[in-house]
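J.: Give me a 3D structure for the following:
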Amino acid sequence: MRATKQKIMKSTKQKTPKMEAELLTNLPSEIVIEILSRLPLRTIGICRRVRKSWRDLLGTREFADSHLSKSVQGMVVCTEFDNYEVFAFEDGLDLEDPKRRYKELTSFDCSELGISICNIKGSVNGLLFMNPLSSISDAYYICNPITREYIEFPYEQRLLDEDFNGTVNYGFGVSKVSGQYKVIKTVHVNKSICHVYTLGTGKWRRIPAGPPLGDNKNSSGAFLNGCLHWFVDDDDDSDLISCFDLETETFSTFAHPPLPLSKRHLVIVALGDYLCICDNTDENEIAFWVMKEYGNEKSWTKEFVIRKGYRYCRVRSSGIVYPIKLFKDGHVLMTWEDRCKEFSMLYYSNKTKTSAEVHGVFRISSRMQAMPYTPSFVSLKSFPKEDVSSFR
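T.: The predicted model follows:
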């Protein structure tokens, strides 16, 4: 009896790796996709190299959609306009040490895309919309740091029909029904002009423009619920938010909560599932307004306030506070850009009601950008009429 049991156990140990591989090989593709999509990113990378059949499955839109539905929002950080790092968050842990909340997933440099310095203008489903800062460049880029793919598409100056000397606003998102990824560029010269670039079409289209947006340099089209959002900059309608529906390609407006007339120290972002306005105008507090019911102007709520001062939060009233992540335990990760364009990454503890700079995790520099980022395997090769390049 004992000998038989030992023989069975020995046989099981010897066959386990092979049996596991054969099991996955013989399973229906939809089940294999479901299993692989639940693995960590690095493990998925290993699976890609193990079997050709797995590599083929990992390159399908079905796998990309399955993985994206389970992917947890992290963050992308850009320092000195050329170095990019992607981080995952450990959301479920109640830790007071902010360094233990972040894990680097990947990184890349702008030079790998053949450009010098770049600005992030949007992040949707693992894709980054990037704008080169060179005065001689008229190109834009969409990049997926996980699949290591990017595309370049130009914007022709002739689309403006006149010399440019005005303000520019950008947006990047995906339509709610058709799932089309679109870049929006609005220019206000003597009038507002709006163009749309749909990934997979290879061309820009001009559409009817909405209200003047002014200089929303602090808010690059907050994407939420299939729409992009900016502050309206109009003497008659200064208390409005412009909303662009990516499906219908139409503009509408709704009111924001009572805010200072000047939008200098305000930013509008998507914070989790809510539209959020962060107001750093007051000398004593940072206010976070949240639209609890999307589209309902009466649902704006001052969700929480961070007190300023040496004991609490050392952010001054000047500058922009950009919320990145609201953790389940109420802690907040945010960046602060002061009047001298110096950046800090701050972590606010809802438990102690104090904040501290985050050191030793990110490559903190005087020039830094950070925004939410959800890792995905959405391949740019799935968009026709786009010239896709790869980088290491």
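
J.: Tyr373 versus the residue nearest the centre of the chain, what's the distance?
T.: With the centre of the chain defined as its mean C-alpha position, the nearest residue by C-alpha atoms, centre = their mean is Ser123, 3.1 Å away. According to C-beta to C-beta, to the nearest Å, Ser123 stands 5 Å off from Tyr373. C-beta coordinates here come from the backbone N, C-alpha and C atoms, glycine included.

J.: can you check Phe129 too?
T.: 12 Å.

J.: Of the two, which one has the most company?
T.: Taking Phe129 and Tyr373 together and counting by other C-beta atoms under 10 Å, Tyr373 has the greater number of neighbours (27 against 24).

J.: That one reaches Val76, doesn't it?
T.: Yes. Applying C-beta atoms under 8 Å, one finds Tyr373 in contact with Val76, separated by 3.9 Å.

J.: Spit out the residues that contact those two alike.
T.: Where contact means C-beta atoms under 8 Å, 6 or more residues apart in numbering, the residues bridging Tyr373 and Val76 through contact with each are Val86, Ser123, Leu128.

J.: quick one: contacts for the second one?
T.: I take that to be Ser123. With contacts taken as C-beta under 8 Å, 6+ apart, Ser123 has the following neighbours: Val76, Phe129, Phe172, Met371, Pro372, Tyr373, Thr374.

J.: tell me the contacts of the fourth one?
T.: Under the criterion of C-beta under 8 Å, 6+ apart, the contact list for Met371 reads Met75, Val76, Ile120, Ser123, Tyr322, Ile324.

J.: rerun at 10 Å
T.: Residues touching Met371, when contacts are defined by C-beta atoms under 10 Å, 6 or more residues apart in numbering, comprise 75-78, 120-123, 128, 220, 269-270, 322, 324, 335.

J.: ok, of those, which one's closest to Phe383?
T.: Each of the contacts of Met371 was checked against Phe383 using C-beta to C-beta; the closest is Leu128, at 14.8 Å.

J.: number of nearby residues for the closest one?
T.: Neighbour count of Leu128, defined by other C-beta under 10 Å: 23.

J.: nearest spatial neighbour of it, skipping sequence neighbours?
T.: Closest residue to Leu128 in three dimensions, ignoring its sequence neighbours and counting by C-beta to C-beta, 6 or more residues apart in numbering: Cys143, at 4.8 Å.

J.: Report the beta-bridge partners for the one you found.
T.: Cys143 has the following beta-bridge partners by DSSP bridges: Leu128, Tyr150.

J.: contacting residues around it?
T.: Taking C-beta under 10 Å, 6+ apart, we find Cys143 in contact with 84, 108, 110, 112-113, 118, 120, 126-130, 149-152, 380, 389, 391.

J.: Going by neighbour count, which of those residues are buried?
T.: Neighbour counting with 16 or more other C-beta atoms under 10 Å marks 84, 108, 110, 112-113, 118, 120, 126-130, 149-152, 380, 389 as buried within these.

J.: buried ones in stretch 44-62?
T.: Those buried within stretch 44-62 under the rule 16+ other C-beta under 10 Å are Ile44, Cys47, Arg48, Trp54, Leu57, Leu58.

J.: Check the spacing between the fourth one and Phe304 real quick.
T.: Read that as Trp54. Using C-beta to C-beta, which is the criterion applied here, Trp54 is 45 Å from Phe304.
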